[in-house]
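S.K.: Need a 3D model of the following:
(one chain, ligands or ions: 2)
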Amino acid sequence: MLLRHARSLLFLPASNERAIGKARGLPCDMVILDLEDAVPEDRKEEARAALGPALLEGFGDRLVAVRVNAVDSPHHGADISALSGLTPDFIVLPKVEAAAHAAQVHRATGRSVIAMIESPRGIVEAQAIAAEPGVAGLFMGNNDLRHDLRIPLDADRSGLMLAMQSTILAARLSGKAVFDGVYNRLEDPDGFAAECRDGRALGFDGKTLIHPNQIEPANTIFGPSEQELANARALIAGFSGGAERHEGAMIEDMHIAQARSLLERAGQA
Ligand SMILES: CC(C)(COP(=O)(O)OP(=O)(O)OC[C@H]1O[C@@H](n2cnc3c(N)ncnc32)[C@H](O)[C@@H]1OP(=O)(O)O)[C@@H](O)C(=O)NCCC(=O)NCCSC(=O)C[C@H](O)C(=O)O
Ligand SMILES: [Mg+2]
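M.R.: Numbering: from 1, shown residues only. Ligands and ions are numbered 1, 2, ... in the order given. This is a model prediction of the structure:
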């Protein structure tokens, strides 16, 4: 699967053997083995040691990533050493504030990097980070961002809008994939679905997740839906060029291109 086609990207602590086993049967598009915030200090070594067996057994046709600790963390060096000889599809690098940080990790691991944008400096540098050749995509880190921007955890996302749109803009300028941040409330399916719809409407390709019960709704909402696919097929079938009327709206070449990428995403191009 291409990174930009991923809808559901599930984090789990690399120290959680049960969650690793469970992920192999879940319908997520990417599994992210976390060495950073989901792993307590006294289990970092155990988490690193779990990477080899987990990656060796693999996760079927799901994309696989490892999130290391940030470049300025005391754990970063040991994380990079633990990756020697391992070949996850991507390295997720948190708290990226300079393109050079991502380039450094790409050089050290030989893997494509997904850079997390989760600080004011990261937002300001997002265009340079996304343009770095070793960077395949960007993740929003809205929890860290709320902390740095002093946005209360229970406030809506209006205070994050500039940051999210700047990150999407940066990714698109360089033709990279970009994914929405996690939703923390595990027992609020309506709130989760609303945030997925909001994320898709903003332009994110998919959503990072923290729990199995978030996968199906993310897959559905980042879809595309059967109705959207039917509309796309009808649009392409009826189009002969220039500006035309289609079901009461003007369509032009770019609408056909958009319809084709929807079909491509659904494997129906
Ligand atoms: C959030 C959790 C700690 C909740 O755990 P728990 O209450 O134990 O979950 P459940 O009892 O509901 O679990 C039911 C079964 O599902 C499995 N499970 C749970 N979570 C996962 C998962 N993420 N992946 C795979 N499987 C999972 C349990 O093992 C149960 O299975 P079974 O026993 O067989 O029935 C927990 O969900 C969790 O740890 N989630 C991931 C947390 C994480 O990785 N956090 C880091 C990413 S968040 C982030 O990046 C923030 C960002 O940096 C920012 O700044 O915004
Ligand atoms: Mg974070």
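S.K.: Need the nearest residue in space to His106, chain neighbours excluded.
M.R.: By the measure of C-beta to C-beta, 6 or more residues apart in numbering, the closest residue to His106 outside its immediate chain neighbours is Gly134, 2.8 Å from it. In short, each C-beta sits where N, CA and C put it, glycine included.
S.K.: Quick one: name the residues of the stretch 101-250 of the chain near ligand 2.
M.R.: Applying C-beta under 5 Å from the ion, we find that the stretch 101-250 of the chain lies next to ligand 2 at Glu118, Gly141, Asp144.
S.K.: Now do the first one against ligand 1, distance only.
M.R.: Distance, Glu118 to ligand 1, using C-beta to the nearest ligand atom, to the nearest Å: 5 Å.
S.K.: what does the average pLDDT come to for stretch 181-196?
M.R.: The average of the pLDDT scores along stretch 181-196 is 98.
S.K.: Give me the helices and strands touching the strand or helix carrying Leu162, please.
M.R.: Assigning secondary structure by DSSP states H and E places Leu162 in helix 161-173. Using 3 or more C-beta pairs under 8 Å, 6 or more residues apart in numbering; DSSP states H and E as the contact test, the elements touching helix 161-173 are strand 112-117, helix 120-124, helix 126-131, strand 135-140, helix 142-149, strand 177-180, helix 189-202.
S.K.: Could I get the buried residue list for that helix?
M.R.: Judged by neighbour count (16 or more other C-beta atoms under 10 Å), helix 161-173 contains these buried residues: Ala163, Met164, Ser166, Thr167, Ile168, Ala170, Ala171.
S.K.: beta partners for the most centrally placed residue in the chain?
M.R.: With the centre of the chain defined as its mean C-alpha position, the nearest residue by C-alpha atoms, centre = their mean is Phe179, 3.5 Å away. For Phe179, the beta-bridge partners are Phe139, Gly206 (DSSP bridges).
S.K.: Look up how far ligand 1 lies from it.
M.R.: Noted for Phe179: a distance of 11 Å to ligand 1, by C-beta to the nearest ligand atom.
S.K.: again, but for Ile210
M.R.: Taking C-beta to the nearest ligand atom as the measure, Ile210 and ligand 1 are separated by 4 Å.
S.K.: do Glu41 as well
M.R.: As for Glu41, its distance to ligand 1 is 15 Å (criterion: C-beta to the nearest ligand atom).
S.K.: likewise Pro133?
M.R.: Computed with C-beta to the nearest ligand atom, the distance linking Pro133 and ligand 1 is 24 Å.
S.K.: That residue: what secondary structure?
M.R.: On the three-state scheme (DSSP: H, G, I helix; E, B strand; the rest coil), Pro133 is labelled coil.
S.K.: Next up, the contacts around it.
M.R.: Residues touching Pro133, when contacts are defined by C-beta atoms under 8 Å, 6 or more residues apart in numbering, comprise His106.
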